[in-house]
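Visitor: Build me a model from this:
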Amino acid sequence: MSASILLAAALFGAAPSTHWVQPEPGSLSVIFGARWKIDVAEFELLASRPEEWSRPYISQDGARAFAGARTGILHGVDLHSGERLFERKGLGEIGYDMAEFRGLLLLGSDQDLIAVDQQIGQTRFSIPVGGRMGGPMTVSGTVAYVPVRPNVLVAVDLVEQKEIWRKKRPTPEGISVRGQCKPVFDAARGVIYVGYSDGALLALDAKTGDERWTSVLGKPREFFADVDAAPLMVDGGKSIIAASYNGGLYKLDAETGRTQWKQEIFRIMGIVDVGSGLLVASDGDGQVLGLYRATGAVRWRYKLESGSPTMPVDVGRQLVAVGSTEGPIAFLEIDTGRPKQLFSLGAGISVPPAYRDPDLLVLSNQGAFIALRYGQGISVD
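Guide: Here you go, the predicted structure:
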């Protein structure tokens, strides 16, 4: 992930029971192949350790691919042919993630949420949000819920093009992990679940932003209390699984926020429900964990050779993809954690790949924008 994550791992210490083991060549296969590659980097005189921090995006109709470079350029590409559609310059710091609303591409541009035409990149509207987008947004109906640095969630009406409400938490005095939690919408209760860098998980009224309940998962007086992993709704919406980097993994009652169980041994940055009663989590100790959803107990561990893992991405077919800040993308069996493919990019990634079946988009820290497809393309392992 970022330099902050690597520092966190150093401060907390690595797990002594896991070690990197090089997979046998015969155990690996070509599952996802590269279809095209575009260089979106520009020469930067003082960039000693470049890092791309905007997640690529695949349009909902599966026709276009988008990448926002650290130089403030948005690249639009035909997903199937690799032909460039546009290069939109001058966007400043592009937000962490992108979304769609009525056929328009939504993204952060410095302190604004903007909507652009997917074919030509022209801005259709712009809404001030009072800060830079620090995490994935959630769009529900005509409302976008936007995480804004350093510790704010803003609800924006996309039709009226104005802010509805904002909810801020105190910014921790110590070091926190860069990035913010994706807000999760609970339609049955009309609430948004969102985590903050002070270690708190809040259930907010989706219409007003009023607090329904607050649960403190992290240790706010210590470094890295962040709730960075998007909460997961489980048990038919009755419970939530959430995590704090320094506080561990929790299962909470969705109605009250009451703790049902917790596992404090993990440094979780991202987590995904992969079905079959299993979760897959990325851990700040340089591991990927397979966990039982019912208890949080460990089923398997996969240790990266180096670097820190990105958020896991469920790519179907009983596989999960996990990137590394310093190594290849690993495609792991969700049942065992065994690597089925290691896809080398020549540089690590700091944001997870984007996936829309059967396509996977990757943006490396050196600006390589690559489209992969299940069962097609070539391997660069």
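
Visitor: What segments of the protein are helices?
Guide: Remark: helices assigned in the chain by DSSP state H are 3-12.

Visitor: In it, where is pLDDT below threshold?
Guide: Counting by pLDDT under 70, the ranges of the chain that qualify are 1-22, 25, 43-49, 174-179, 378-381.

Visitor: Recalculate using a threshold of 90.
Guide: 1-30, 41-51, 150, 170-180, 219-224, 264-266, 284-285, 305-306, 345-347, 376-381 (pLDDT under 90).

Visitor: Do a quick rundown of the strands in the stretch 201-350 of the chain.
Guide: Ranges of strands in the stretch 201-350 of the chain, per DSSP state E, counting those that start in this stretch, are 211-216, 232-234, 239-244, 248-253, 259-263, 268-275, 278-283, 287-292, 298-303, 313-314, 319-322, 329-333, 339-343.

Visitor: Could you export those to TSV, including columns for mean neighbour count and distance to Trp53?
Guide: All C-beta spots, glycine's among them, are computed from the backbone N, C-alpha and C. Listed next are the strands of the stretch 201-350 of the chain as TSV, based on neighbours: other Cβ atoms under 10 Å; distance: least, Cβ to Cβ, whole Å:
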stretch	mean neighbour count	distance to Trp53
strand 211-216	17	28
strand 232-234	17	24
strand 239-244	26	21
strand 248-253	21	25
strand 259-263	15	29
strand 268-275	21	14
strand 278-283	26	16
strand 287-292	22	21
strand 298-303	18	24
strand 313-314	18	17
strand 319-322	24	18
strand 329-333	23	17
strand 339-343	20	21
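
Visitor: so Asp314 touches Ser276, yeah?
Guide: No: counting by Cβ atoms under 8 Å, Asp314 does not reach Ser276; the two are 11.3 Å apart.

Visitor: what sits in contact with each of the two?
Guide: Residues touching both Asp314 and Ser276 (Cβ atoms under 8 Å, 6 or more residues apart in numbering): Ile334.

Visitor: circling back: mind putting the strands of the stretch 201-350 of the chain into a markdown table with distance to Asp39?
Guide: As requested, the strands of the stretch 201-350 of the chain are exported to a markdown table (distance: least, Cβ to Cβ, whole Å):
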| stretch | distance to Asp39 |
| --- | --- |
| strand 211-216 | 44 |
| strand 232-234 | 36 |
| strand 239-244 | 35 |
| strand 248-253 | 39 |
| strand 259-263 | 42 |
| strand 268-275 | 27 |
| strand 278-283 | 27 |
| strand 287-292 | 29 |
| strand 298-303 | 30 |
| strand 313-314 | 23 |
| strand 319-322 | 22 |
| strand 329-333 | 18 |
| strand 339-343 | 18 |
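
Visitor: can you tell which of these is closest to Arg124?
Guide: Arg124 lies closest, by Cβ to Cβ, to one member of those: strand 313-314, at 29.1 Å.

Visitor: That closest one packs against which elements?
Guide: strand 268-275, strand 319-322 (3 or more Cβ pairs under 8 Å, 6 or more residues apart in numbering; DSSP states H and E).

Visitor: Out of those strands, flag the one nearest Val40.
Guide: Using Cβ to Cβ, the helices and strands packed on strand 313-314 put strand 319-322 closest to Val40, at 20.6 Å.

Visitor: still on that earlier bit, in JSON lines: the helices and strands packed on strand 313-314, plus distance to Glu173.
Guide: Listed next are those as JSON lines, based on distance: least, Cβ to Cβ, whole Å:
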{"stretch": "strand 268-275", "distance to Glu173": "21"}
{"stretch": "strand 319-322", "distance to Glu173": "32"}
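
Visitor: who wins for proximity to Glu24 among those strands?
Guide: strand 319-322 (18.4 Å).

Visitor: Determine how far the closest one lies from the middle of the whole chain.
Guide: Strand 319-322 sits 13 Å away from the centroid of its parent chain (Cα atoms, centre = their mean, to the nearest Å).

Visitor: Also stretch 246-263?
Guide: That offset, for stretch 246-263, works out to 21 Å (Cα atoms, centre = their mean).

Visitor: So what touches it?
Guide: With Cβ under 8 Å, 6+ apart, stretch 246-263 has contacts from 12, 186, 189, 199, 201, 203, 212-215, 217-219, 222-226, 233-234, 237-244, 264-268, 271, 281, 291, 295-297.

Visitor: Could you work out the end-to-end span of it for me?
Guide: When the termini of stretch 246-263 are compared using Cα to Cα, to the nearest Å, they are 11 Å apart.

Visitor: What's the local residue count around the residue lying closest to Gly377 once chain neighbours are set aside?
Guide: Excluding the flanking residues, the one nearest Gly377 by Cβ to Cβ, 6 or more residues apart in numbering is Gly33, at 2.7 Å. As a burial measure, Gly33 scores 17 neighbours (other Cβ atoms under 10 Å).

Visitor: Ala41 now?
Guide: Counted with other Cβ under 10 Å, Ala41 comes out at 20.

Visitor: Contacts only, for Gln122.
Guide: Arg88, Val116.

Visitor: ditto for Leu106
Guide: Met98, Ala99, Glu100, Leu113, Ile114, Ala115, Met137, Val139, Ala144, Leu158.

Visitor: and the fourth one, what are its bridge partners?
Guide: Legend: beta-bridge partners of Leu113 under DSSP bridges are Gly108, Ile127.

Visitor: on that earlier part again, drop anything exposed from the contacts of Leu106.
Guide: Met98, Ala99, Leu113, Ile114, Ala115, Met137, Val139, Ala144, Leu158 (16 or more other Cβ atoms under 10 Å).

Visitor: Among those, which ones are in strands?
Guide: Ala99, Leu113, Ile114, Ala115, Val139, Ala144 (DSSP state E).

Visitor: which pair in these spans the largest distance?
Guide: Ile114 and Val139 (14.0 Å).

Visitor: No further questions, thank you.
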